[in-house]
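Asker: need a structure here:
(one chain, ligands or ions: 1)
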Amino acid sequence: MGVVDGVVRLLGIDDLAACQRLAGDREWGREDRKWRFLFSVGDVYGVDDENGELAGTVVSTPYGEDVAAISMVLVAKRYERRGLGGRLMRHVMENAATASLCLTATEYGRPLYERLGFKAVGLCTTYKGVSDGPSRRGVSVPIEAVDMPAVHALDTEVFGADRSQVVEGLPFFCETLRVVRDERGVVGYGGAWRNDDRVIVGPVIAQDAETALALVDEVVPEGPVRVDIDHRHPELIAWAEERGLRPAFTTTIMEYGAPIANDPSRLYLPVAQALG
Ligand SMILES: CC(C)(COP(=O)(O)OP(=O)(O)OC[C@H]1O[C@@H](n2cnc3c(N)ncnc32)[C@H](O)[C@@H]1OP(=O)(O)O)[C@@H](O)C(=O)NCCC(=O)NCCS
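Answerer: Numbering: from 1, shown residues only. Take a look at the predicted model:
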């Protein structure tokens with residue numbers, strides 16, 4: 001029972017391999033790129049067991065004073081249903097200095113979050129398949145350093161919190177990152193990043209659906225892809241189905257605390273489920 005008494009400690013990049021062993025225990029991939037980005041933008045916490053192996057993790061990525069995104073809530077199978085998941089969650093909830101929290105819950109996690117006071121605000125279906133690559137060209141252009149202030153401003157307005165550390169990291173994290181400009185300035189941005197053997201399409205934030213669909217068409221690479229689609233965006237579900245992608249699983253988008261001042265109608269695709 002040592003694990004139940006272990007302290008929740010802040011992990012560092014030296015703990016990456018242990019995080020990946022824990023994820024493997026739950027049949028999650030290595031997700032090297034995603035873990036490294038989370039270590040750089042968020043706070044990764046864990047509890048060790050008596051053998052020095054990680055028994056559980058949770059990541060909290062704070063966006064200014066408004067919102068923190070919670071992710072990687074993982075408990076080793078051998079320690080499940082002993083209250084460890086709840087303890088890790090309470091730790092980040094007590095230490096969060098933000099007015100609200102958000103997360104995307106699997107069916108395993110949802111009852112736990114509901115008990116802690118999280119409310120479901122939407123559903124997200126993950127589509128997977130093999131893409132033929134970009135189906136058009138010419139609406140968007142590769143992002144340049146001069147676009148960053150406008151991208152940051154659009155992201156803050158639509159997401160409802162200042163995600164500067166994530167936005168500043170996107171040019172390095174993403175394999176492709178493009179913007180759409182018109183006479184008003186930047187009206188949308190979108191990217192795609194590699195996670196293990198698959199490319200995740202996202203983020204996409206745009207002023208209207210036409211711009212968002214142009215972005216997904218132009219950033220989607222050839223090969224295995226994954227797209228996490230909020231059900232509030234049926235036009236993206238249609239886009240995925242037209243390209244032969246298939247639903248793999250559905251998760252619940254949940255929030256805790258003060259209502260988040262975001263605009264889901266312009267938030268087309270998350271950076272990652274872990275980051276909103
Ligand atoms: C989701 C997950 C983190 C939960 O971890 P956990 O440590 O088992 O969580 P807890 O023990 O706090 O709570 C789980 C259940 O055990 C119960 N429980 C807690 N302490 C208990 C105890 N001492 N004895 C018996 N049951 C207990 C809880 O009431 C809860 O019951 P419920 O699900 O029927 O409501 C874990 O199942 C996991 O890693 N799953 C795979 C990865 C995943 O999907 N993560 C969620 C991402 S959103």
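Asker: tell me the contacts of whichever residue of the stretch 151-276 of the chain sits closest to the ligand?
Answerer: Of all residues in the stretch 151-276 of the chain, residue 251 sits closest to the ligand, at 7.2 Å by CB to the nearest ligand atom. All C-beta atoms are positioned from the backbone trio N, CA, C, and that covers glycine. Taking CB atoms under 8 Å, 6 or more residues apart in numbering, we find residue 251 in contact with 104-106, 123-124, 126, 228, 273.
Asker: contacts for the helix or strand hosting residue 131?
Answerer: Secondary structure assignment for residue 131, by DSSP states H and E: strand 119-132. With contacts defined as CB under 8 Å, 6+ apart, strand 119-132 is touched by 104, 110, 114, 198, 220-232, 237, 240-241, 243-256, 264, 273.
Asker: cutoff 7 Å now
Answerer: With contacts defined as CB atoms under 7 Å, 6 or more residues apart in numbering, strand 119-132 is touched by 104, 220-232, 240, 243-255.
Asker: apart from its neighbours in sequence, what residue is nearest residue 258?
Answerer: Leaving aside its sequence neighbours, residue 258 sits nearest to residue 99 (CB to CB, 6 or more residues apart in numbering; 4.2 Å).
Asker: number of residues surrounding that neighbour?
Answerer: 17 (other CB atoms under 10 Å).
Asker: ditto for residue 172
Answerer: Neighbour tally, residue 172, other CB under 10 Å: 10.
Asker: what's the answer for residue 215, then?
Answerer: Applying other CB under 10 Å, I find that residue 215 has 27 neighbouring residues.
Asker: just the helices in the chain please.
Answerer: For the chain, helices defined by DSSP state H occupy the ranges 2-5, 16-25, 32-41, 84-95, 110-115, 148-159, 164-173, 209-219, 234-242.
Asker: need the contact list for the closest residue to the ligand within the stretch 1-150 of the chain.
Answerer: In the stretch 1-150 of the chain, no residue comes nearer to the ligand than residue 85, which is 2.5 Å away by CB to the nearest ligand atom. The neighbours of residue 85, taking CB under 7 Å, 6+ apart as the test, are 56, 73, 75, 112.
Asker: what do you get for residue 216?
Answerer: So residue 216 contacts 190, 201, 204, 239 (CB under 7 Å, 6+ apart).
Asker: who does the first one bridge with?
Answerer: The residues listed as beta-bridge partners of residue 190 by DSSP bridges are residue 178, residue 204.
Asker: tell me which residues touch it, please.
Answerer: For residue 190, the contacting residues are 178, 203-204, 215-216, 219, by CB under 7 Å, 6+ apart.
Asker: rerun that using 8 Å as the cut-off
Answerer: Residue 190 sits next to 140, 177-178, 201-206, 212, 215-216, 218-219, 268-269 when contact means CB under 8 Å, 6+ apart.
Asker: check the second one too.
Answerer: Residue 201 makes contact with 190, 192, 216, 219-220, 225-227, 269, according to CB under 8 Å, 6+ apart.
Asker: what do you get for the third one?
Answerer: Counting by CB under 8 Å, 6+ apart, residue 204 touches 188-191, 212, 215-216, 219, 268-269.
Asker: neighbours around the residue lying closest to residue 142 once chain neighbours are set aside, how many?
Answerer: Using CB to CB, 6+ apart and skipping residues adjacent in sequence, the residue nearest residue 142 is residue 178, 5.8 Å away. As a burial measure, residue 178 scores 21 neighbours (other CB under 10 Å).
Asker: all set, thanks.
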